[in-house]
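Visitor: okay, here's the prediction I keep looking at, along with the sequence it came from:
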Amino acid sequence: MGENYVVEVKNLNKTYGKKKVLDDVSLYVKPNEIVGFIGPNGAGKSTTMKCICNLIYPDSGEIKINGYDLFKNREKALESQAALIENPGLYQDMTGRENINMIAKLRNISKERVKEIYEFTEIGEALDRKVSGYSMGMKQRLGLGIAIMSKPRFIILDEPTSGLDPTGIIHLRNTIQKLIKEEDMSILFSSHQLGEVEKLADRIICINKGKIIETPKSLEQRYRYIFQVNDNDRAYKILTEEIKIGKAEKISTDTIKVELDNQEELDIILQEFIKVKIKILDIHKESIDVEAVYKEVYGDE
Ligand SMILES: Nc1ncnc2c1ncn2[C@@H]1O[C@H](COP(=O)(O)OP(=O)(O)OP(=O)(O)O)[C@@H](O)[C@H]1O
């Protein structure tokens, strides 16, 4: 593997009967990246994800997870990943806590980690109630907590927000962002809710009729930040002439837009600004206009 990818999929092909469902699908996910996987119904999202999770076999192709070949070194490859595909498989007659404890025992998880997972789910006192009475959002968070118990590097979520009400969606979004920050994971998730993809994804991958469609270059990336600082000219000079990170552009008298290659570069910039006493008045991440991408890629489909 050339670059440091957490997941690398190359030339996946899958046929059902005479229908070619995946046609030379290749994709990758980098460390700490949240990648949104979009496409119309029947495009091949679930099939691709199920291949990566080893739930179905492709006819041909290569899948590497955390550097391990899924077909040659299955156990190691699967150790590094977790998935939430369709409904989380929970025992409805047991409490949330019992569900966690049971899997923790099977996987030999430490007591400290189990405690972390109780907290992570943010289910609170309801952890001691039966799962059958949980809302869809609580079930999703419990499922997610169980999925990440053994600290995978990568997690696949197939339509994680479907069936959730707006509160559930917001809660799940926060949970996913927490995963990236605190658990050092990468995520590939599929969704039809473009607004959600826009809020969450660092990058998107488009698929249609089993083929990956090249994302328009202008909309491809992800780590675009708008800084508002107290000394725009000095900040610009530092970015372009001193630390030389990313592509900086002055967009008004007190704001600069910076396009970065990864999240770590943001830390370097922040540290430098603090060091040279440039005051950051505001900073926000510019999201991808997923609807524009979708329209450009799929037309009115
Ligand atoms: N087990 C199967 N047998 C036959 N055809 C299948 C099977 N699973 C999926 N397909 C077909 O493969 C194609 C891709 O399906 P897939 O579920 O991967 O699409 P998707 O992009 O996830 O769609 P959706 O957004 O509707 O979930 C569809 O035409 C589907 O009918």
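Guide: Cool, the structure landed.
Visitor: low-confidence stretches in the stretch 151-300 of the chain?
Guide: When the per-residue scores of the stretch 151-300 of the chain are filtered using pLDDT under 70, the ranges that remain are 216-222, 300.
Visitor: would you map the strands across it?
Guide: Assignment of strands within the stretch 151-300 of the chain using DSSP state E, counting those that start in this stretch yields the ranges 154-158, 186-190, 203-208, 211-213, 223-229, 247-250, 255-260, 280-286.
Visitor: among the ones you listed, which comes closest to residue 44?
Guide: Among the strands of the stretch 151-300 of the chain, the nearest to residue 44 by Cβ to Cβ is strand 203-208 (5.2 Å). Backbone N, C-alpha and C define where each C-beta goes, glycine included.
Visitor: paired strands for that closest one, with orientation please.
Guide: strand 34-38 (parallel), strand 211-213 (antiparallel) (DSSP bridges).
Visitor: pick the most buried one from these.
Guide: Comparing the strands paired with strand 203-208 by mean neighbour count (mean count of other Cβ atoms under 10 Å), strand 34-38 comes out on top with a mean of 25.
Visitor: now the element after it, going C-ward?
Guide: helix 45-52 (DSSP states H and E).
Visitor: need the strands of the stretch 151-300 of the chain in JSON lines (columns: distance to residue 91).
Guide: As requested, the strands of the stretch 151-300 of the chain are arranged in JSON lines below (distance: least, Cβ to Cβ, whole Å):
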{"stretch": "strand 154-158", "distance to residue 91": "21"}
{"stretch": "strand 186-190", "distance to residue 91": "25"}
{"stretch": "strand 203-208", "distance to residue 91": "34"}
{"stretch": "strand 211-213", "distance to residue 91": "37"}
{"stretch": "strand 223-229", "distance to residue 91": "40"}
{"stretch": "strand 247-250", "distance to residue 91": "51"}
{"stretch": "strand 255-260", "distance to residue 91": "44"}
{"stretch": "strand 280-286", "distance to residue 91": "39"}
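Visitor: kindly provide the distance from residue 139 to residue 121.
Guide: In this structure, residue 139 and residue 121 are 10 Å apart, going by Cβ to Cβ, to the nearest Å.
Visitor: which bits of the stretch 1-150 of the chain sit near the ligand?
Guide: Residues of the stretch 1-150 of the chain lying close to the ligand by Cβ under 6 Å from any ligand atom are 16, 21, 39, 41-47.
Visitor: which helix is the longest one in this protein?
Guide: With DSSP state H setting the assignment, residue counts place helix 166-183 as the longest helix in the chain.
Visitor: understood, closing this out.
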